[in-house]
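Novice: Kindly return the folded structure for what I paste below:
(chains A and B)
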Number of protein chains: 2
Amino acid sequence: MNKLLEKLKIEIPIIQAGMAGGITSPELVAAVSNAGALGTIGAGYMSPTSLKKSIHTVKELTSKPFAVNLFAVNLEVFSTDINEMQKLLNTYRKELGIEMGKKQVKVKDYLQEKIYLIIKEKVPIVSTAFGVLSSILIDRLKKNNITLIGMATNLEEALLLQDAGYDLIVAQGFEAGGHRGTFNTVKYPRGCEISLHVLVQSLIKNISLPIIAAGGIYAREQIAGLLKQGASGVQLGTRFLVAEEAGTNDSYRRAILKADYGDTVITNAFSGRPARALRNEFIDEMEESGIPILPFPIQNELTKDIRAAGSDFAISEVQSLWAGQGAGGITKEETAREIINSLHQENAAKKVDV
Amino acid sequence: MNKLLEKLKIEIPIIQAGMAGGITSPELVAAVSNAGALGTIGAGYMSPTSLKKSIHTVKELTSKPFAVNLFAVNLEVFSTDINEMQKLLNTYRKELGIEMGKKQVKVKDYLQEKIYLIIKEKVPIVSTAFGVLSSILIDRLKKNNITLIGMATNLEEALLLQDAGYDLIVAQGFEAGGHRGTFNTVKYPRGCEISLHVLVQSLIKNISLPIIAAGGIYAREQIAGLLKQGASGVQLGTRFLVAEEAGTNDSYRRAILKADYGDTVITNAFSGRPARALRNEFIDEMEESGIPILPFPIQNELTKDIRAAGSDFAISEVQSLWAGQGAGGITKEETAREIINSLHQENAAKKVDV
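Specialist: Got it, this is the predicted structure:
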């Protein structure tokens, strides 16, 4: 028995990534779990109220296990030193016809409240990114038999997660879409750049926990190869972005479907943290402006209304089109079940008569 | 029968990369081929005289097939506009106690002469990087039954190589050491950044030639995974850098053996072309200088004496320490045969009881 399947109580070693920002609708999460894989609510930016509603709806739609994804960093911030960036961003707001930006930014993260809620709601699995949860929170989750999945972009981070008591490790390769999970973005401004198969190799040899490979995966041959290498499971984000059940807006979906393999870049223009997205005008213009990007989550909070307007008005050039390098191989919208069935077939690798 | 083994007339689907700059001693090339894999003379910068001598020595040491690697770009250049860079480089020369730099630079590439020599010497296999050989040279090689291996960093390049008549394609992932094979470094200043398993997936689905996976490979589990995914073979450079038979100097060897997975960066500081190397003082200082790096091969020619002095005086901080991301997993020097034996074992992947 695969330890990953045992620990997560699922049938297929595929995890739908906990993409934040309204992508992981309860319908998507439940459909993935109902298909035998693991659905994940991307709750990084959610309020406790939204998360509660989301958990309840998922529970109505499935009796299978599912996960909640959280950010293991302090998001609490209050800043007034945002004038220069707001001035630049106001040029977008003017063009989009939305309200000008505020003179200060305030973010609360509700991490403790969300952990309490997860325990109360008996959510069986929590996954985290960007760091290691505090030992108090880890103890609390483990006392309630909640399985913990951490994300690492190098061996050092994986060892920290293992030592802290996490149960499984997601190895996030450089090719992955969305935010780099790298803990120390001062040391690695673009995030750690280790590619997936090198990262998996270093973890299977040095970490005793099951390893979940993530980054650029969109096809069954990749999964067959990574499991053969020694990964216990895989995690996919981008492919589920275009699942029929996902909350992804239409212009974002179209951008993914028409993307080529080389179209993604690492940028911190949207959030202040390095992340992989389809290159667009917003990224290019922010980089060319020479104005320093503010740290996460300040930059994220400042660009939120612009990205939302981009979604409302179907303007992909001002949206954060998070995508992995595998976007180039994704060409159609399908149900979550169809996606999982196409990814999970035995003896799937191309026959080469070795 | 694996088509790659058939085309190359070898027994083990492993190719030793054609690393330029004196690494691929005839002893290394012959030892790799004698072990059943494919040795390659890295002849990109060689004169026809050196290449001839190298081919003769390899032939004395093995009767097995071997390859010669060439650069499929025009290296011919004459430039006098090098003052600013020479001024900066002279600070290194002064410190190293070597002759100051010249006021002009001249490079000849002898590509045609080397092709003639290869045909005359009946070398069975030619591999190329950086582009597609001219149709005249391809015709000439093919008429002489020479097998052609091209290197691609994206699907577009692979299609160009296939259309031009190449026989096999090396898929060079972002994690690979040394120069990025990317054809268009104006469009991709860091080289194309597609990771290996994503690149392999795009090629096995869209290219009919056998695909050779390259980049970050150092362990048998990676090879098992990539073959399972659909690659027909693999190419390794960094692991062979520390083969006992290799021409690698001692300080370079030590740097590889002590490297960690995250220690490599993409830089054009040494040659004017993006390449992956272990980060060192030379790279950092060149980038901080703000002085524009000259195009390939001018920059390469200008830094050559400094790098050679670094080798002579065992100063790794001014050498081009080309290395892939797998350097972090390489911990000992072995013979080429020991390396190949450790990489080539059946059922090698970690058992995970799926």
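Novice: can you give me the strands for the stretch 51-200 of chain A?
Specialist: A:66-71, A:77-79, A:105-107, A:125-129, A:147-152, A:168-172, A:178-179 (DSSP state E, counting those that start in this stretch).
Novice: Lowest average confidence across these, which one?
Specialist: Lowest mean pLDDT within those: strand A:77-79, at a mean of 87.
Novice: That one packs against which elements?
Specialist: With contacts defined as 3 or more C-beta pairs under 8 Å, 6 or more residues apart in numbering or on different chains; DSSP states H and E, strand A:77-79 has these neighbours: strand A:105-107, helix A:298-312. From N, CA and C alone the C-beta is placed, and that goes for glycine too.
Novice: any chance of these in JSON lines, with distance to chain B and mean neighbour count too?
Specialist: Shown next, in JSON lines, are these (distance: least, C-beta to the nearest C-beta, whole Å; neighbours: other C-beta atoms under 10 Å in any protein chain shown):
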{"stretch": "strand A:105-107", "distance to chain B": "30", "mean neighbour count": "17"}
{"stretch": "helix A:298-312", "distance to chain B": "23", "mean neighbour count": "21"}
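Novice: thought A:Q229 was touching B:E221?
Specialist: Yes. Counting by C-beta atoms under 8 Å, B:E221 is a contact partner of A:Q229 at 4.9 Å.
Novice: Between the two, which has more neighbouring residues?
Specialist: Remark: of A:Q229 and B:E221, A:Q229 carries more neighbours, 29 against 23, as counted by other C-beta atoms under 10 Å in any protein chain shown.
Novice: Nearest residue to that one in space, please, no chain neighbours.
Specialist: B:G225 (3.1 Å; C-beta to C-beta, 6 or more residues apart in numbering or on different chains).
Novice: hang on, the earlier thing: select from the helices and strands packed on strand A:77-79 the stretch with the lowest mean pLDDT.
Specialist: Among those, strand A:105-107 carries the lowest mean pLDDT, a mean of 91.
Novice: Show me what that strand is packed against.
Specialist: Partner elements for strand A:105-107 (3+ C-beta pairs under 8 Å, 6+ apart): strand A:77-79, helix A:298-312.
Novice: now for those, which one comes closest to B:L141?
Specialist: Each of the helices and strands packed on strand A:105-107 has some distance to B:L141 by C-beta to C-beta; the shortest is helix A:298-312, at 51.8 Å.
Novice: could you point out which element follows that closest one?
Specialist: helix A:336-343 (DSSP states H and E).
Novice: List the buried residues for that following helix?
Specialist: A:336-337, A:339-340, A:343 (16 or more other C-beta atoms under 10 Å in any protein chain shown).
Novice: Same question for stretch A:248-267.
Specialist: A:248-249, A:251-253, A:255-256, A:259, A:261-267.
Novice: Closest one of those residues to B:M46?
Specialist: A:G262 (32.0 Å).
Novice: Might one say that that closest one is in contact with B:I194?
Specialist: Yes. The pair A:G262 / B:I194 is scored as a contact, 6.2 Å apart, by C-beta under 8 Å.
Novice: Just put the strands of the stretch 51-200 of chain A in JSON lines and tack on distance to B:N34.
Specialist: Below are the strands of the stretch 51-200 of chain A laid out as JSON lines (distance: least, C-beta to C-beta, whole Å):
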{"stretch": "strand A:66-71", "distance to B:N34": "52"}
{"stretch": "strand A:77-79", "distance to B:N34": "62"}
{"stretch": "strand A:105-107", "distance to B:N34": "63"}
{"stretch": "strand A:125-129", "distance to B:N34": "49"}
{"stretch": "strand A:147-152", "distance to B:N34": "40"}
{"stretch": "strand A:168-172", "distance to B:N34": "36"}
{"stretch": "strand A:178-179", "distance to B:N34": "48"}
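Novice: To B:K122, which of these lies closest?
Specialist: Short answer: strand A:168-172, nearest of these by C-beta to C-beta, at 46.1 Å.
Novice: partners of the lowest-mean-pLDDT helix or strand in chain A in the sheet?
Specialist: Ranking every helix and strand in chain A by mean pLDDT, DSSP states H and E puts strand A:77-79 at the bottom, with a mean of 87. Using DSSP bridges, strand A:77-79 pairs in its sheet with strand A:105-107 (antiparallel).
Novice: Touching the partner strand from outside, list them.
Specialist: A:75-80, A:82, A:297-298, A:301-302 (C-beta atoms under 8 Å, 6 or more residues apart in numbering or on different chains).
Novice: Report the distance from that strand to the chain centre.
Specialist: 22 Å (C-alpha atoms, centre = their mean, to the nearest Å).
Novice: what do you get for stretch A:203-223?
Specialist: From the chain centre to the centre of stretch A:203-223 is a distance of 15 Å (C-alpha atoms, centre = their mean).
Novice: Tell me the buried residues in that stretch?
Specialist: Quick answer for stretch A:203-223 (16+ other C-beta under 10 Å): A:203-204, A:207, A:209-223.
Novice: and what of stretch A:60-73?
Specialist: A:61-62, A:64, A:66-73.
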